[in-house]
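Enquirer: Mind looking at a prediction? Sequence and model below.
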Amino acid sequence: MYNPGVGESDRQNHASWLKQSVTGIGEWATISNLTGLIGALVAIFCLLLLPSANYWNIRLPLYLVIAIWTMLRPRVALYLLPIAIPWGSLDSFNLGGLNLNGADILVALLAASWLMGFALRRFVEQGDANVGPLDREGFNLPRYLAIATALLLLAMLISMPTAFNLNSSIKELSKWLEAAVILLLGAQYIRTRRQVWILITIIILAAVSQALLGYAQAFLNLGPEAFVRDAGLRVYGTFGQPNPYAGYINMGLSITIALALLARGWAIQCLAACATVILALALYLSQSRGGEIAITVALFLIVVVGLPQLHRLLKLGGIGVLGVVAAYLAGLLPDSLLTPILRTLGLTSISLSLPSKQDFSTAERLAHWIAGIRMFQDHPFTGVGIGNYADAYPHYFITIFVNPLGHAHNYYINIAAETGIFGLVTFLLFLTAAFIAGARSYRAIHRKYIQVKQSHTVSSSNPTPKKGLPSPDLTKMLTNDRALAVGLLAALLSVCVHNMVDNLYVHSMTILFSLLLVLVIRLEEMISHTDNSGGQFAYQ
């Protein structure tokens, strides 16, 4: 039967969607935003096409514009950081022995703008107290996380008197000082939900750009012969090595997987799914076993936390895994089934003196673990000095592995070797505090999500809904924020897991780790400003 009311409703919904889209584009497409976008595209064009000898011709005005922009709007530094972290190495320079890039400059500008706010406060009228550098909150980082960060920095400082090379210690310490700055100031300047999602969008787009670069490297075979494995080039992006590249890709991939599986709304789910495919293929092309293990653990967290309806299936799977392990220990499984798997992982016939081509990387990693453990045994309290693993390595290498490679290929062994027992304990304390803060934020979002979902169910079944009951938009909003929180936790976990076989705190990724931690922490605060009807100040 023809029902004109149904068609009219569909047309109204479609018109409403178009109106919202046009309104959203109109709000964004201001003269200042368009000017900034055009300026950014021109700057990127100049950086990519100008001869390297003329880089300073564009560097100086570009840095000057960014400096002024950041002083007036400090949050701009946070928006540019996700781009500068992967791409900043293309524009690095040496200053007093320190190799600086765009990410380092942005952190310094953010700190300078924050300090300038104290001087400006006395000259600003009460009504303009939230403009420019003053557009921030007070200290709002969880105190236990701030204390853990301070203790970690203190342990690093204590290790410096025993350092083989003081310059190496200063370089490593500066990375963690930048991470502390992002933790402290990022939590103050990220104030609204919109700002969180803008940052997430930029982080994912930056990761996608690195994935596309990886595709070009694989297709054009752009890389050293040492990166060729099984007749295929291991892609590495701008990171110089496939493993940190895979670790970086995993950060964005964990978020997109969570959004694709747990978010609501066809637009966000489709876009997240497309980004997931792009990033997953880049991870595969990196051929990083550590990256594959890390994303597997991250996916497990997403399923366990985000999809409780699958818990029964997971329990059955866990029982099956335990059964396979028991059968192996009982000798019921033939070696012919496990040997190919172990060979693929490089865990068979490992020789530290005459390694084969298949197990060379595993043997090399094991040799560096042993060297790091020996450093820790000789310097159990203060280590060989923060950042000094490579400088101390010539005194501790074994067999044929004389190349220090810069780190121990296990950050937990690396931090123990460089800072001793105090550094290892404080680093584990820092990670514990970080995940406590992240889990606390997720629980707050999940509780609000369940509360609003139940209230929405009641209002849907009530023919005369009462004022104050939650709107469907708020339910969708909380669903997406819950998905984002799960993705952020999975991204942080992927770093910690991958660090068991590598060191991902390179290439400014300490800054990205801190930024992701800030985002998940700030989500909890924004939830506290939300009421059931969607009326709130910080959730826009």
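Expert: Perfect, I can see it now.
Enquirer: Which parts of the stretch 101-250 of the chain are helices?
Expert: 102-121, 143-159, 166-189, 193-220, 242-262 (DSSP state H, counting those that start in this stretch).
Enquirer: most packed of those helices?
Expert: Burial of the helices of the stretch 101-250 of the chain is given as mean neighbour count (mean count of other CB atoms under 10 Å); helix 242-262 ranks first at a mean of 28. Every C-beta, even on glycine, is put in place using the N, C-alpha and C of the backbone.
Enquirer: mean pLDDT lowest for which of the helices of the stretch 101-250 of the chain?
Expert: Among those, helix 102-121 carries the lowest mean pLDDT, a mean of 88.
Enquirer: my read: residue 88 touches residue 107, true?
Expert: No. Residue 88 is beyond contact range of residue 107, at 10.8 Å (criterion: CB atoms under 8 Å).
Enquirer: tell me the contacts of residue 243?
Expert: Contacts for residue 243 (CB atoms under 8 Å, 6 or more residues apart in numbering) come out as 286, 288, 290-291, 498, 502.
Enquirer: Let's see that with 7 Å instead.
Expert: Shown in contact with residue 243 (CB atoms under 7 Å, 6 or more residues apart in numbering): 288, 290-291, 502.
Enquirer: Kindly indicate which of these lies nearest residue 372.
Expert: residue 502 (12.8 Å; CB to CB).
Enquirer: Distance check, the nearest residue in space to residue 75 that is not next to it in sequence against residue 474.
Expert: Spatial nearest neighbour of residue 75, chain neighbours left out: residue 189 (5.0 Å); criterion: CB to CB, 6 or more residues apart in numbering. Distance, residue 189 to residue 474, by CB to CB, to the nearest Å: 25 Å.
Enquirer: got any ranges where the stretch 351-500 of the chain has weak pLDDT?
Expert: Counting by pLDDT under 70, the ranges of the stretch 351-500 of the chain that qualify are 351, 356-358, 456-471.
Enquirer: so which of the helices of the stretch 101-250 of the chain gets nearest residue 439?
Expert: Short answer: helix 143-159, nearest of the helices of the stretch 101-250 of the chain by CB to CB, at 12.1 Å.
Enquirer: Which secondary structure elements does the closest one sit against?
Expert: Other helices and strands packing on helix 143-159, by 3 or more CB pairs under 7 Å, 6 or more residues apart in numbering; DSSP states H and E, are helix 166-189, helix 411-461.
Enquirer: Contacts made by that helix with the rest, please.
Expert: With contacts defined as CB under 7 Å, 6+ apart, helix 143-159 is touched by 173, 176-177, 180, 183, 382-383, 385-386, 418-420, 422-423, 426-427, 429-430, 433-434, 437.
Enquirer: circling back to that earlier point, okay if I get the contacts of residue 243 as JSON lines plus neighbour count, secondary structure and pLDDT?
Expert: Below are these laid out as JSON lines (neighbours: other CB atoms under 10 Å; DSSP: H, G, I helix; E, B strand; the rest coil; pLDDT from 0 to 100):
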{"residue": "288", "neighbour count": "27", "secondary structure": "coil", "pLDDT": "93"}
{"residue": "290", "neighbour count": "24", "secondary structure": "helix", "pLDDT": "93"}
{"residue": "291", "neighbour count": "29", "secondary structure": "helix", "pLDDT": "95"}
{"residue": "502", "neighbour count": "25", "secondary structure": "coil", "pLDDT": "93"}
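Enquirer: what's the closest of these to residue 479?
Expert: residue 291 (28.9 Å).
Enquirer: Determine the set of other helices and strands touching the helix or strand where residue 497 lies.
Expert: According to DSSP states H and E, residue 497 maps onto helix 472-498. On a contact count with 3+ CB pairs under 7 Å, 6+ apart, helix 472-498 meets helix 242-262, helix 289-306, helix 411-461, helix 509-527.
Enquirer: how big is the angle separating the helix or strand encompassing residue 367 from helix 411-461?
Expert: Residue 367 is part of helix 360-378, with elements assigned from DSSP H and E. Interaxial angle of helix 360-378 relative to helix 411-461 (axes from the mean of the first three to the mean of the last three CA atoms, to 10 degrees): 110 degrees.
Enquirer: how far does the following helix or strand past helix 360-378 sit from the chain's center?
Expert: Under the assignment DSSP H and E, the closest C-terminal helix or strand after helix 360-378 is helix 389-392. Counting by CA atoms, centre = their mean, to the nearest Å, helix 389-392 is centred 27 Å from the centre of its parent chain.
Enquirer: How about residues contacting helix 389-392?
Expert: Residues contacting helix 389-392 (CB under 7 Å, 6+ apart): 164-165, 168, 372, 375, 384, 404, 406-408, 414, 417-418.
Enquirer: Just the buried subset of these, please.
Expert: 164, 168, 372, 375, 384, 404, 406-408, 414, 417-418 (16 or more other CB atoms under 10 Å).
Enquirer: for the helices and strands packed on helix 143-159, which one sits closest to residue 230?
Expert: helix 411-461 (27.4 Å).
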